[in-house]
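Undergrad: A structural model of the following input is requested.
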Amino acid sequence: MRKGSEMSRFCRQLSPTILLLSIAVLIVAGGVSRSKIPEEAIGGKTDRASDELIAEETQQKKIAFSKESKRGGIKAATGKRPDWVEGRARKYPAEQYLTGVGFGDTRRAAEDLAYAAIARIFQAQISSRTKEWEKYVQTEIKGKIRTTRDIQIDQLTSVATKKALRDIRIAEIWVDESEKSTYALAIMDRAHAAAVLRERIAGIDRDVLDLRRKAKDTTDKVEAVRSLRRAMRVLLKRDLYNIDLRIVNPVGKGVDPPVSLINIRQEIQRLLSHDIHIGIEVSGPYHAGIRSAILEGLTKEGFSLEESGDPSKIDVLVKGNVNFKKADLPRWKIVRWSISVDLINHKNGKIFGSLTKHGREAHLNFSEAEKKAVRALQKKVVDELGALMVSFIYGQEEGD
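TA: Numbering: from 1, shown residues only. Purely as a prediction, here's the structure:
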């Protein structure tokens, strides 16, 4: 019965072992890049992220191990089957170590799967939080929800798992001579990992408090939003470290943040909805009607508009220029339209975003063609300006 169970376990892990070896051979040969590995071969988004990180991190660790072996480092044991092969590592008690076991036809395959066993503990916890993080990075302005792309959740989770892998090491190797297979035990020292994580979290907390203080002290409301958005990105990274800390901490506890993601998100939404006042200037044909349409559209999107045009109250100036050109064809009258819009930080006069749109409309007479052109222009600008306003206010400035 024991022989049968061992063979069954070997069969279950044979496929991923072959897959890892095949990918490694193809990468060395230049025949395939990591980005082209099909999702179905890896087993979904979470597994794909783990496998890529394992491929990167274990590559470095295997090289280091190879050098150590020449100096008489960890040697593969034979003979009596160790208890850790069955998942009961008395030498590495669970309250002190996280452990992972892998095995395969070669030592390299066994080590890869041992690293993977621990890495997936972290990746599983991170993946369960992804949807919650996606809610945090959405911006809601008076009921209008917009998703910006300045915070890349996939990138954050990838970095987090990569950092977790750095504290994993191979502790023991055992060769089953009867099965011609190799087993590897990977371990993570809980106390050491927890100390490193607490130090990183403490540094992040200082950064968060500095960014929040900067947002409160500045009179530039656009810069305040950007500082708070940076604080949100830093808090997301902090949450990743805190997840790791709860995993390595035997009692499952992390460290409470100095300010919550929810509070930061609410501060951003308050600034966008009530405190940042937007002025609109439009020049060119039909400028009054186009300005009214932009004003109405941004108001519906939840932004606070300064309709009186008082410069002292404006934080962001939307400055647009409209052009129309006529083309007389044998049958149709064509009106080509274009609009360029600059978003200007009114406090310092800096242009921090631009939008350019163009198109053309046709009719049997120029009057109707122009009316169609004006409607098309208004729709294009109003549909996109709200989303661009949020994205540009968040922005990507120096040091971001």
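Undergrad: Now do the strands in the stretch 301-400 of the chain.
TA: Taking DSSP state E, counting those that start in this stretch, the strands of the stretch 301-400 of the chain run over residues 304-305, 316-328, 333-345, 350-363.
Undergrad: what lines up beside the first one in the sheet?
TA: What it means is strand 304-305. strand 277-283 (parallel) (DSSP bridges).
Undergrad: And the second one, by the same measure?
TA: Each strand that strand 316-328 pairs with, and the sense of that pairing, follows from DSSP bridges: strand 277-283 (parallel), strand 333-345 (antiparallel).
Undergrad: out of the strands of the stretch 301-400 of the chain, which comes closest to residue 173?
TA: strand 350-363 (56.6 Å; CB to CB). The way it works is simple: take the backbone N, C-alpha and C, and place the C-beta from them, glycine included.
Undergrad: other SSEs contacting the closest one?
TA: Applying 3 or more CB pairs under 8 Å, 6 or more residues apart in numbering; DSSP states H and E, we find strand 350-363 packed against strand 333-345, helix 366-394.
Undergrad: Surely residue 249 is in contact with residue 195?
TA: No. Look at residue 249 against residue 195 with CB atoms under 8 Å: they stay out of range, at 10.8 Å.
Undergrad: For those two, indicate the residue with more neighbours.
TA: residue 249 (17 against 12; other CB atoms under 10 Å).
Undergrad: Tell me which residues touch that one, please.
TA: 190, 194 (CB atoms under 8 Å, 6 or more residues apart in numbering).
Undergrad: cool, and residue 385?
TA: 294, 297-298, 318, 341, 355.
Undergrad: Select, out of the strands of the stretch 301-400 of the chain, the one closest to residue 183.
TA: It is, among the strands of the stretch 301-400 of the chain and with distance given as CB to CB, strand 350-363, at 57.1 Å.
Undergrad: Residues in contact with the closest one: which ones?
TA: Residues contacting strand 350-363 (CB under 8 Å, 6+ apart): 222, 332-345, 369-370, 372-373, 376-377, 380-381, 384-385, 388-389, 391-393, 395, 397.
Undergrad: could you pull out the strands for this structure?
TA: 97-104, 138-141, 144-147, 169-176, 181-189, 277-283, 304-305, 316-328, 333-345, 350-363 (DSSP state E).
Undergrad: mind putting the ones you listed in a markdown table, distance to residue 84 included?
TA: As requested, the strands of the chain are exported to a markdown table (distance: least, CB to CB, whole Å):
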| stretch | distance to residue 84 |
| --- | --- |
| strand 97-104 | 6 |
| strand 138-141 | 45 |
| strand 144-147 | 46 |
| strand 169-176 | 7 |
| strand 181-189 | 5 |
| strand 277-283 | 63 |
| strand 304-305 | 63 |
| strand 316-328 | 61 |
| strand 333-345 | 60 |
| strand 350-363 | 57 |
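Undergrad: returning to what we had before: the helices and strands packed on strand 350-363: lowest mean pLDDT?
TA: Note on the helices and strands packed on strand 350-363: helix 366-394 shows the lowest mean pLDDT, a mean of 84.
Undergrad: what about the stretch 151-300 of the chain, any weak spots by pLDDT?
TA: 151-165 (pLDDT under 70).
Undergrad: ranges for the helices of it?
TA: 153-165, 190-217, 221-248, 261-270, 287-300 (DSSP state H, counting those that start in this stretch).
Undergrad: Packing partners of the last one?
TA: The one in question is helix 287-300. Using 3+ CB pairs under 8 Å, 6+ apart: helix 287-300 touches strand 277-283, strand 304-305, strand 316-328, helix 366-394.
Undergrad: Which among these is found nearest to residue 244?
TA: helix 366-394 (27.3 Å).
Undergrad: rewinding a little: between the strands of the stretch 301-400 of the chain, which one is nearest to residue 243?
TA: strand 350-363 (34.3 Å).
Undergrad: And the closest one, what's buried?
TA: 352-353, 355, 357, 360-361, 363 (16 or more other CB atoms under 10 Å).
Undergrad: Likewise for stretch 284-294?
TA: 286, 290-291, 293-294.
Undergrad: Output those as JSON lines; include the columns distance to residue 179.
TA: Supplementary listing: the buried residues of stretch 284-294 in JSON lines, determined by distance: CB to CB, whole Å:
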{"residue": "286", "distance to residue 179": "81"}
{"residue": "290", "distance to residue 179": "77"}
{"residue": "291", "distance to residue 179": "78"}
{"residue": "293", "distance to residue 179": "75"}
{"residue": "294", "distance to residue 179": "73"}
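Undergrad: shouldn't residue 83 be in contact with residue 89?
TA: Yes. Residue 83 is within contact range of residue 89, at 6.4 Å (criterion: CB under 8 Å).
Undergrad: Which one of the two is surrounded by more residues?
TA: residue 89 (19 against 12).
Undergrad: Leaving out the residues flanking it, which one is nearest to the more buried one?
TA: residue 99 (5.3 Å; CB to CB, 6 or more residues apart in numbering).
Undergrad: likewise residue 185?
TA: Per CB to CB, 6+ apart, closest to residue 185 is residue 172, 4.4 Å.
Undergrad: again with residue 207
TA: residue 234 (5.4 Å).
Undergrad: repeat for residue 254
TA: residue 242 is the one closest to residue 254 (CB to CB, 6+ apart), at 4.0 Å.
Undergrad: May I have the residues that are in contact with that neighbour?
TA: Contacts for residue 242 (CB under 8 Å, 6+ apart) come out as 197, 201, 254-255, 257.
Undergrad: Kindly recompute the last result at 7 Å.
TA: 201, 254-255 (CB atoms under 7 Å, 6 or more residues apart in numbering).
Undergrad: before we move on, the earlier item: and of the buried residues of stretch 284-294, the nearest to residue 261?
TA: residue 294 (32.5 Å).
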